[in-house]
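Engineer: Sequence below, structure please.
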Amino acid sequence: MAVGSVVAPFAVFNGSDGNPLNNASIYIGQPNLNPQTFPVNVFWDEAGLYPAVQPVRTIGGYFSRNGTPAKLYVNGSYSIAVYDSAGRFVYNSLHEVDVLAEELANAVDPLKGAALIGRGFQVAQNVAEAITFSKSSPSKFVFILGYYAAGDGGGGAYMVKLSGTANGGTVIAMNDGGFLHLCQSAPATLRQWGCKGDGITDDTARFLACVGFGANFHVPDGTFMVGPVGPAAVPPYPAGPLAEPNRTSASVLASGQCVTGNGPRSILSWNNPTKQAFFYMKDAVNCDVSDVSFIGGYSAMILDPTSDGSVENCGLTRCYLDGQLIGMIGGRQLAIDPTGSRICIRPYAIGCKFKNIVVHGVTMSNCQRPFVSDGDFKDCTGGFCVDYSQGTRGGIMDNIIGNNVLHGVKVESSNVAGGIDSVLASERCILTQLNISNILGIGVLINSANDRILISDSILHGVVNDSAASLICLDSVTGFSSTGQCILSNVIATATIGGCLLNGLASGTLPTIVTGCNFVGKSFCINNRITKLLLEDSVIYADPASGNCINTGIGSLNNMDGFTIRGCYLTGVNGLAEQGTATTWRNVSISDTEFNIGTYAVFAGTATGGNFSFRFSENKINRSSAISAAPVTLPVTAGAMITDNRFNIIATATPAAVATSTGTTKSRISGNISTVGFSIAAPDASTTANTNNNITDAVYLA
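Structural biologist: From the prediction side, this is the model:
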């Protein structure tokens, strides 16, 4: 056996972890040259037999012969290179840097190049190229420059795995059976799911794949054309004009699934004449869609619980809605579907902008604690900006602004069953900081069996020739009455044709309260149809040529019992004027109020049932028109107190500050200062005895 250099076993080949290499490849070559390119052909083992063709193999770091470490001999000088079992470079005896640089520069062999260092990225122009890579590559990462083409926004970093469930977005199948798994902490974008967002391509299929995966996702800049996104709806929805055939047909968000966008630049645009909703939740909690723009479609979001509370804390945040039939829907109207309606809990729309909505901007039916805040409504000329309907409990509308809208906001109870029903009533709702201008119809509607409703710190302005009877309507559907209370506080309302407040709620034991308000109306300011009203610290200004500040006795609810005005400033042809035939006035109290009138401060001449317990005290009445009517004109009167008032009226041929039409009993007219006297019809002895200490002076103080 020739004598040569012994390569092994005195040289033990270890990997980067320091452990001896098993099944490594050893190349032996000419001195100072790459052993793979220039091999040495003169080498043998201790048995004198030539081993297999290069490379030779190791076991436990030693040259292996039939699985047993053996000596390996080489004739003369040599170079040696070692690669581990995965083909990764480990060692070269001479010129290691040159050899490594040569192999790192290899852009063809997937086992060399960047892959040679074990975790380097492979780079693909698009998904189509990436799926051709080998799942066996030592590099377990692929960076894709775009979904369809480099730079289209659909690329990202992916990990190569041997298992997975392909969905075309976060997990992509490779041609050889491997899987590319998206690696990023941020939610995947629609472009990474294959949507193009060019405003032309139908992205529906990839959009639905993304939504259906159930994970959070992002809508990037672009216009993504989608629709229809669901099957046609099925009963129990009724046929006819109230039918809502497409409201349950939408892409369904799973519980906890959230969608984000970049605001006005992230657009989902409806792409089909059949209108459906973009998103739909029926058994989901904590779903939020934020900073996304919606164009067209039936609705941006529908919350339609399958059981009470199955949809909770879901809604829109800082979204932009344009051209939907209804911007957002929470719950189902009992009047439309009395058997299928279920309770939603805390649906919300926060910081959203609504434009060109066909019917309602936001409608919440049979919902608990709905919340609409910082909403901006423009050119919504078909319905209400916000509609809390049919059994809304604990709802809040806060900081709502609008311009050029048909109606402002509404809270309404259901009229399905008739009568009072605690399940159907809307209650405990707060409407605050409403600033709505150019209203074509109603500014605020509180309707049917409501309880504890607060309207505060708001400004409402009607346009010329608005279509509503009044900007604020506290009204009732026949068969319903309010058992609670409605309060208006610090509300400014300006009507140009009709009035500011139509008050028709039967308020039970508590009065409707209007405090700190400023109403400017045309033909009237308040049209009152209820028994109880407290009006205080408010300014009421009707057209001085034709308007009444307060009309009462309107419609079928003609009795007044517990009607109070105090600390107010009223300007108009008449202050408080009875319209129609009132059965009875009882417990009417007016105090600390200034009237600037053309005819009457108080007129109840047609209240045929009479006037009982009327109090008119410490008021100031200014009338500059020379007419014969008494500014305070009452029917049959009992128990009246007309005291300490100042009547500053121009004298006429038949002057009177106060006139009663028939009998006056048990009344007191005392301490008044007037430019004219009094005309008290048929006073009884008690009234005569208590008509005293009045001062009459014909001087009118302009």
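Engineer: Longest strand of the chain, counting residues only.
Structural biologist: Assignment by DSSP state E gives strand 396-412 as the longest strand of the chain.
Engineer: Give me the local confidence score for Asp17.
Structural biologist: Listed pLDDT for Asp17 reads 70.
Engineer: How many neighbouring residues does it have?
Structural biologist: Here the number of neighbours of Asp17 (other C-beta atoms under 10 Å) works out to 7. To be clear about C-beta, it is placed using only N, CA and C from the backbone, and glycine gets the same treatment.
Engineer: now do Asn313
Structural biologist: 16.
Engineer: And it, how far from Phe213?
Structural biologist: 22 Å (C-beta to C-beta, to the nearest Å).
Engineer: now swap in Thr696 and tell me
Structural biologist: 87 Å.
Engineer: neighbour-wise, which of those two wins?
Structural biologist: Neighbours per residue, other C-beta under 10 Å: of Thr696 and Phe213, the larger number sits with Phe213, 19 against 14.
Engineer: hey, where'd the helices end up in the stretch 601-702 of the chain?
Structural biologist: 685-689 (DSSP state H, counting those that start in this stretch).
Engineer: before we move on, the earlier item: helices or strands up against the longest strand of the chain?
Structural biologist: The contact analysis (3 or more C-beta pairs under 8 Å, 6 or more residues apart in numbering; DSSP states H and E) places strand 396-412 against strand 371-373, strand 376-389, strand 427-439, strand 444-447.
Engineer: I'd like the distance from the last one to the chain centre, please.
Structural biologist: Spelled out, that is strand 444-447. Mean C-alpha position of strand 444-447 versus that of the full chain (C-alpha atoms, centre = their mean, to the nearest Å) differs by 21 Å.
Engineer: likewise the second one?
Structural biologist: Mean-position distance between strand 376-389 and its chain equals 13 Å (C-alpha atoms, centre = their mean).
Engineer: Just the C-alphas of that strand, formatted as PDB.
Structural biologist: C-alpha atoms of strand 376-389 as PDB (Å, rounded to 0.1, in the frame of the first residue of the first chain):
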ATOM      1  CA  ASP A 376     -71.400  64.100   9.700                       C
ATOM      2  CA  PHE A 377     -74.400  63.900   7.300                       C
ATOM      3  CA  LYS A 378     -74.600  65.700   4.000                       C
ATOM      4  CA  ASP A 379     -77.100  65.700   1.200                       C
ATOM      5  CA  CYS A 380     -79.100  62.800   2.800                       C
ATOM      6  CA  THR A 381     -82.500  63.900   1.500                       C
ATOM      7  CA  GLY A 382     -84.500  60.600   1.800                       C
ATOM      8  CA  GLY A 383     -84.900  59.900   5.500                       C
ATOM      9  CA  PHE A 384     -83.400  60.400   8.900                       C
ATOM     10  CA  CYS A 385     -79.700  60.900   9.600                       C
ATOM     11  CA  VAL A 386     -80.000  58.700  12.700                       C
ATOM     12  CA  ASP A 387     -83.100  56.600  13.500                       C
ATOM     13  CA  TYR A 388     -83.400  54.800  16.900                       C
ATOM     14  CA  SER A 389     -86.600  52.800  16.300                       C
END
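Engineer: Need the pLDDT of Ala11.
Structural biologist: Confidence score, pLDDT, at Ala11: 58.
Engineer: next helix or strand past the worst-scoring helix or strand of the chain on mean pLDDT?
Structural biologist: Within the chain, no helix or strand scores below strand 5-8, which has a mean of 54 by mean pLDDT, DSSP states H and E. The first helix or strand that comes after strand 5-8 along the chain, using DSSP states H and E, is strand 25-29.
Engineer: Report the mean confidence score over that next one.
Structural biologist: 81.
Engineer: Same question for stretch 69-78.
Structural biologist: What stretch 69-78 shows for mean pLDDT is 72.
Engineer: So what's the gap between it and the chain middle?
Structural biologist: Per C-alpha atoms, centre = their mean, the displacement of stretch 69-78 from the mean C-alpha position of its chain is 79 Å.
Engineer: Pull out the buried positions in that stretch.
Structural biologist: Residues of stretch 69-78 classed as buried: 69-74, 78 (neighbour count, 16 or more other C-beta atoms under 10 Å).
Engineer: just those now: which is nearest Ile442?
Structural biologist: Pro69 (95.7 Å; C-beta to C-beta).
Engineer: next one: phi and psi at that closest one?
Structural biologist: Per-residue torsions, Pro69: phi -60, psi 140 (degrees, to the nearest 10).
Engineer: For Gly391, see how far away it is.
Structural biologist: Distance from Pro69 to Gly391, by C-beta to C-beta: 85 Å.
Engineer: Same question for Gly146.
Structural biologist: Taking C-beta to C-beta, one finds Gly146 at 51 Å from Gly391.
Engineer: out of those two, which sits in the more crowded spot?
Structural biologist: Gly391 (27 against 18).
Engineer: I'd like the next helix or strand past the helix or strand Phe278 falls within.
Structural biologist: Per DSSP H and E, Phe278 falls inside strand 277-281. Later in the chain than strand 277-281, the nearest helix or strand by DSSP H and E is strand 284-285.
Engineer: Now the element after that following strand, going C-ward?
Structural biologist: strand 288-290.
Engineer: Give me the buried positions along that next one.
Structural biologist: For strand 288-290, by 16+ other C-beta under 10 Å, it's 288-290.
Engineer: quick check, nearest of those residues to Thr675?
Structural biologist: Closest approach between the buried residues of strand 288-290 and Thr675, by C-beta to C-beta: Ser290, at 66.2 Å.
Engineer: if I read this right, the closest one contacts Gly263, doesn't it?
Structural biologist: No. Ser290 lies out of contact with Gly263 (C-beta atoms under 8 Å); the separation is 9.2 Å.
Engineer: Overlap in contacts, the two.
Structural biologist: Shared contacts of Ser290 and Gly263 (C-beta atoms under 8 Å, 6 or more residues apart in numbering): Arg318.
Engineer: Compute the distance between Phe294 and Phe279, please.
Structural biologist: With distances taken as C-beta to C-beta, Phe294 is found 9 Å from Phe279.
Engineer: typed the wrong thing, it's Ser613
Structural biologist: Ser613 is 59 Å from Phe279, by C-beta to C-beta.
Engineer: quick one: which of those two has more around it?
Structural biologist: The neighbour comparison of Ser613 against Phe279 (other C-beta under 10 Å) goes to Phe279, with 26 against 17.
Engineer: pLDDT at the more buried one, what is it?
Structural biologist: Phe279 is given a pLDDT of 95.
Engineer: Identify the bridge partners of the closest residue to it other than its chain neighbours.
Structural biologist: What sits nearest to Phe279 in space, not counting adjacent residues and going by C-beta to C-beta, 6 or more residues apart in numbering, is Met301, at 4.7 Å. Beta-bridge partners recorded for Met301 (DSSP bridges): Phe279, Met328.
Engineer: same question, the one 10 residues further on
Structural biologist: According to DSSP bridges, the residues that bridge with Val311 are Ala284.
Engineer: thought it was touching Ile345?
Structural biologist: Yes. In this structure Val311 lies within contact range of Ile345 using C-beta under 8 Å: 7.2 Å.
Engineer: who's more crowded, the two?
Structural biologist: Using other C-beta under 10 Å as the criterion, Val311 and Ile345 rank with Val311 on top: 29 against 22.
Engineer: tell me the contacts of the more buried one?
Structural biologist: Contacts of Val311 by C-beta under 8 Å, 6+ apart are 281-285, 303-305, 330, 344-345, 347.
Engineer: Now render those as JSON lines, adding distance to Ser249.
Structural biologist: Rendered in JSON lines, the data for these read as follows (distance: C-beta to C-beta, whole Å):
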{"residue": "Met281", "distance to Ser249": "13"}
{"residue": "Lys282", "distance to Ser249": "12"}
{"residue": "Asp283", "distance to Ser249": "16"}
{"residue": "Ala284", "distance to Ser249": "16"}
{"residue": "Val285", "distance to Ser249": "22"}
{"residue": "Leu303", "distance to Ser249": "15"}
{"residue": "Asp304", "distance to Ser249": "11"}
{"residue": "Pro305", "distance to Ser249": "17"}
{"residue": "Gly330", "distance to Ser249": "17"}
{"residue": "Cys344", "distance to Ser249": "19"}
{"residue": "Ile345", "distance to Ser249": "24"}
{"residue": "Pro347", "distance to Ser249": "19"}
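Engineer: Fine by me, we can end here.
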